[in-house]
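K.L.:
any chance you could fold what I've pasted below:
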Amino acid sequence: MSDILPTTVGPPPVAAGSPPVVAGDPPVLVGLMGTVTILGQPVPATLDRLVLARLVLAEGRSVPVSTLIEALWSGELPDRARNALQVKISRLRGRLGEHRERLAYRHGGYQLAITALESDVGRFTRLARAAAQAVAAGDADAVTATTAALDAWRGELPEDLDRDQAVRAERVRLHELWLATREAHAEALSGRRADLPEAIASLRQLLAEEPLRPRGRLLLMRALHASGRRAEALAVYDAGRRLFRDVGLEPPAELQAEFERILAEERAAIRRPSVPRIPAQAPDGLMEAARWVADQGDVHTGLRLAVRGCWWWWIGGHRGPARELLEDLLTIAADQPGVDDVAALSAQAWLGVFGSLTAQVTEHMRRAEAALAAAGASWTKPQAVAATLIAERLYERGDHGRARDLARLAVQRFTALDDAWGQSLVATVVARGRLLSGDVTGADLRARRRLNEFAQLNDPAGLVLALDILGYCAEVQGRLDQALQIHTRALDIARRIGSPDWEVAQTIRIGNVRSLAGEADAVETLTAAVRLSRDIGSYTLNAFALNGLGVALDLMGDRAAALERHRQAWEFYEQSESVSGMAYTGARIALITGDGGAHDRAWTALRDATATNDPRAIAHSLEALAMAESEPTPAVRALAAAHGLRQSSHAPLPPLQARRLQHRRDALAAMLDRRFERLWHDARHNPRRVVEELRSSTPATSPDSTQSGGRPAT
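P.N.:
Down below sits the predicted model:
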């Protein structure tokens, strides 16, 4: 990739045989990387920093006054531009202290007389190129050389200097050199068998950031191959091949040659790959075949066929027909002695998975868990997949304890089966659980890892699952533009693999993001999602879409229509006994109504939210309570505790939603005067204690169950 980078201004190349930087080298006088400094002190003014950058990059050469003026003002010159430049030069001289004489006027321009080693840019460049030479020569101290170079990296050149093309080009050059140095370091580590795990980890991290780096991908393939992990090396190539083709390129010849070499060894070893190939879909007619075989008297084979197809029917839009098939087969099996318990228990577990999207979700999930318990510890792969999906639904419903237990058993089984795909699937569900328990940063990190794993496994369904978490993390953290991009990508994949349920889910996510961003078409998008969720028969997605539509309508000012949508969602969450669903929707209804019952509804929402232990759900119910509470002291404490929980979970409210709460905060501050700051500070820093104290004073009366509501399970 480096051969297509623009020509840059910067330190000249290190000549062959140049000595590396050693302990006796002069100190760094000027820093441009990360923070612009002189003698270790930041340079605050942007234009002063830009002048300094141009002088440093000239490396001792005089920079014409006209060049500096053009860099500073780019054609729109201020009056007396030369005088303005002289002021900046004077300030820089002052910061140089005893070295002020090094910045002087020479030959119609200004010259900063420093060596390459007296700037962090020059020092990093010298070390990086010396390290590259050491790696290329196979020197024994190559790891030491590359480590020293990486230690000299202080960060990118500040983006506010990009107004000048030469500095912008230098920033690109340094970034490319930093990436190349990371690759050189990994290559040096790969030469020592004990350091192969570190090399593999660093290269995976590099490719997660820069997936189109052919050199990094080649080195990762070689490191995996050297570790005896040929199948993973081949998967790394395949993931890269698809990425290159997505942007209209073919894999570089060196990558292809390495792939052919490793593939030839794999074939010669006559060994099954450790990374399983993931088929794109179940064979056509499998559902009909399973039913036909059972009708012919072999219900055992029918059950086994059906269980094998369940995952594909789950992702491929056949959830309703699959549920009906399993119900019919299990009914037939009940009348026939000698049916294989493994097949029957697997079918019962999967029936619970498909039934978890209906209004009878609680009963279906209990039956699924009972079937999995009866199956014992040695689950089959279909049973472990069913357990993973049940765990996901439990996380979404706020029952994190049961979810964790199932996920732990599933990952143990997938590990015993040496099933990398299954382990990634469970890890994705656990990442969703972390998100729903308030660990947004941890969920984001884990979902990114899963995204890379599913890309290597060539599993588009896994990509959708990981992208859904990443998009929701971005939404929660207020990065709405990024959330929209991620969910749009997930929607495209869902459509390509023919998954209507996931297509609807991503449509809802996109509508929610647009709603929070204040886009006018959010209501139209979410109205369509409500209709589509009904068409595919998903009660869960329908409630999710109704709540999203309620928020969008409320933000547009149509509170009556918003309230109606939230109450429709509440009916499902109440019937399905979804604690998290009732917590969220109840708080939404309380926020909108503001009538005499809002206070009791908010208390009930707080009770339900606390049961989920999700700090965002608790914060949402506290905000509803703060709006409904007539007494200013508990209202302030509730609002401040909500603020503290959102801060600690990195989940700020979007501006459109925060505005209403800010008005409430201002009103409470006016009521309480000097007491406000003390109450606010105490509650914001001790939100959990405030929640317990508020709950202990919960009013005895409770709202009518049809008036409350809960958090959407997706």
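K.L.:
any idea of the mean pLDDT in the lengthiest helix in the chain?
P.N.:
When the chain is parsed with DSSP state H, its longest helix is helix 165-190. The predicted model assigns helix 165-190 a mean pLDDT of 92.
K.L.:
next: stretch 464-476.
P.N.:
92.
K.L.:
quick one: contacts of it?
P.N.:
425, 428, 431-432, 435, 440, 443-444, 447-448, 450-451, 454, 480, 482-483, 486-487, 489-490, 493-494, 497, 499, 502, 505-506, 509, 512-513, 516, 616, 650-651, 714 (CB atoms under 8 Å, 6 or more residues apart in numbering). The C-beta positions use only the backbone N, C-alpha and C, and glycine is treated the same way.
K.L.:
about what we covered before: packing partners for the longest helix of the chain?
P.N.:
helix 46-57, helix 120-137, helix 142-151, helix 196-209, helix 214-226 (3 or more CB pairs under 8 Å, 6 or more residues apart in numbering; DSSP states H and E).
K.L.:
export those to a markdown table and append columns for mean pLDDT and distance to Met582.
P.N.:
Output for the helices and strands packed on helix 165-190, formatted as a markdown table (pLDDT from 0 to 100; distance: least, CB to CB, whole Å):
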| stretch | mean pLDDT | distance to Met582 |
| --- | --- | --- |
| helix 46-57 | 91 | 52 |
| helix 120-137 | 92 | 56 |
| helix 142-151 | 92 | 52 |
| helix 196-209 | 90 | 38 |
| helix 214-226 | 91 | 47 |
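K.L.:
out of the ones you listed, nearest to His364?
P.N.:
Smallest distance to His364 across the helices and strands packed on helix 165-190 (CB to CB): 37.7 Å, for helix 196-209.
K.L.:
buried ones in the closest one?
P.N.:
Buried residues in helix 196-209, counting neighbours by 16 or more other CB atoms under 10 Å, are found at Leu196, Glu198, Ala199, Ile200, Ser202, Leu203, Arg204, Leu206, Leu207.
K.L.:
considering these, which is situated nearest to Val307?
P.N.:
Among those, Arg204 lies closest to Val307 (CB to CB), at 34.3 Å.
K.L.:
these two touch, right, the closest one and Leu220?
P.N.:
Yes - the criterion here is CB atoms under 8 Å, and Arg204 meets it with Leu220 at 6.7 Å.
K.L.:
overlap in contacts of those two?
P.N.:
Contact criterion CB under 8 Å, 6+ apart; no residue bridges Arg204 and Leu220 by contacting each.
K.L.:
tell me which element Tyr110 falls in.
P.N.:
According to DSSP states H and E, Tyr110 maps onto strand 109-112.
K.L.:
correction: Ala371
P.N.:
Ala371 belongs to helix 361-375, assigned by DSSP H and E.
K.L.:
list the buried residues for the longest helix of the chain?
P.N.:
Of the residues in helix 165-190, those buried (16+ other CB under 10 Å) are 166-174, 177-190.
K.L.:
still on that earlier bit, direction included, what does the strand holding Tyr110 pair up with?
P.N.:
Taking DSSP bridges as the criterion, strand 109-112 sits next to strand 63-64 (antiparallel), strand 103-106 (antiparallel) in its sheet.
K.L.:
can you put the ones you listed in a markdown table and add mean neighbour count?
P.N.:
Listed next are the strands paired with strand 109-112 as a markdown table, based on neighbours: other CB atoms under 10 Å:
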| stretch | mean neighbour count |
| --- | --- |
| strand 63-64 | 16 |
| strand 103-106 | 14 |
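K.L.:
re earlier: hmm, who's touching the helix holding Ala371?
P.N.:
Applying CB under 8 Å, 6+ apart, the contact partners of helix 361-375 are 341-342, 345-346, 348-356, 358, 379, 383, 386-387, 390, 393-394, 397, 402, 406, 539-540, 576-578.
K.L.:
buried ones from those residues, can you make that a PyMOL selection?
P.N.:
To isolate in PyMOL the members of the contacts of helix 361-375 that are buried, counting by 16+ other CB under 10 Å, one can use:
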select buried, resi 342+345+346+348+349+350+351+352+353+354+355+356+358+379+383+386+387+390+393+394+397+406+539+540+576+578
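K.L.:
narrow the contacts of helix 361-375 to those in helices?
P.N.:
Going by DSSP H, the helices hold 341-342, 345-346, 348-355, 383, 386-387, 390, 393-394, 402, 406, 539-540 from those.
K.L.:
taking the mean pLDDT, what do you get for stretch 608-619?
P.N.:
78.
K.L.:
oops, could you answer that again for stretch 103-119 instead?
P.N.:
The average pLDDT for stretch 103-119 rounds to 89.
K.L.:
same deal with stretch 428-443?
P.N.:
88.
K.L.:
buried stuff in that stretch?
P.N.:
428-440, 443.
K.L.:
same deal with stretch 237-246?
P.N.:
Tyr237, Asp238, Ala239, Gly240, Arg241, Leu243, Phe244.
K.L.:
quick check, nearest of the residues you listed to Arg659?
P.N.:
Using CB to CB, those come closest to Arg659 at Leu243, 41.6 Å.
K.L.:
once you drop chain neighbours, what's closest to Leu55?
P.N.:
Residue nearest to Leu55 in three dimensions, not counting chain neighbours: Leu112, with 3.9 Å by CB to CB, 6 or more residues apart in numbering.
K.L.:
check Arg616 too.
P.N.:
Ala651 (4.9 Å).
K.L.:
who touches the one you found in this structure?
P.N.:
Gly438, Val440, Val476, Gln477, Pro615, Arg616, Ala619.
K.L.:
that one: which element?
P.N.:
Assigned by DSSP H and E, Ala651 falls outside every helix and strand.
K.L.:
pretty sure Leu389 is touching Trp314, no?
P.N.:
Yes - judged on CB under 8 Å, Leu389 makes contact with Trp314 at a distance of 7.2 Å.
K.L.:
shared neighbours, these two?
P.N.:
Both Leu389 and Trp314 are in contact with Val353, where contact means CB under 8 Å, 6+ apart.
K.L.:
follow-up on the earlier one: hmm, who's touching the strand holding Tyr110?
P.N.:
Applying CB under 8 Å, 6+ apart, the contact partners of strand 109-112 are 30, 51-52, 55-56, 58, 60-65, 67-68, 89, 102-105.
K.L.:
pull out the buried members of these.
P.N.:
30, 51-52, 55-56, 58, 62-63, 65, 67-68, 89, 102-103.
K.L.:
count of neighbours near the closest residue to Ser378 other than its chain neighbours?
P.N.:
Residue nearest to Ser378 in three dimensions, not counting chain neighbours: Arg413, with 7.6 Å by CB to CB, 6+ apart. For Arg413, the neighbour count with other CB atoms under 10 Å is 23.
K.L.:
next structured bit after the helix or strand that contains Arg413?
P.N.:
For Arg413, the host element (DSSP H and E) is helix 400-416. Once the chain leaves helix 400-416, the next helix or strand it forms, by DSSP H and E, is helix 420-436.
K.L.:
that older thread, looking at the contacts of Ala651, spot the one nearest Arg229.
P.N.:
Relative to Arg229, and with distances defined as CB to CB, the nearest of those is Val440, at 32.6 Å.
K.L.:
for that closest one, give me its contacts.
P.N.:
Applying CB under 8 Å, 6+ apart, the residues near Val440 are Cys473, Val476, Gln477, Ser649, His650, Ala651.
K.L.:
residues contacting the fourth one?
P.N.:
Spelled out, it's Ser649. Counted by CB under 8 Å, 6+ apart, Ser649 has contacts Gly438, Asp439, Val440, Pro615, Arg616, Ala619.
K.L.:
can you check the fifth one too?
P.N.:
Under the criterion of CB under 8 Å, 6+ apart, the neighbours of His650 are Val440, Thr441, Val476, Gln477.
K.L.:
could you check how far the closest residue in space to it that isn't next to it in sequence is from Arg479?
P.N.:
Using CB to CB, 6+ apart and skipping the chain neighbours, the partner closest in space to His650 is Val440 (4.9 Å). Taking CB to CB, to the nearest Å as the measure, Val440 and Arg479 are separated by 11 Å.
K.L.:
all set now, cheers.
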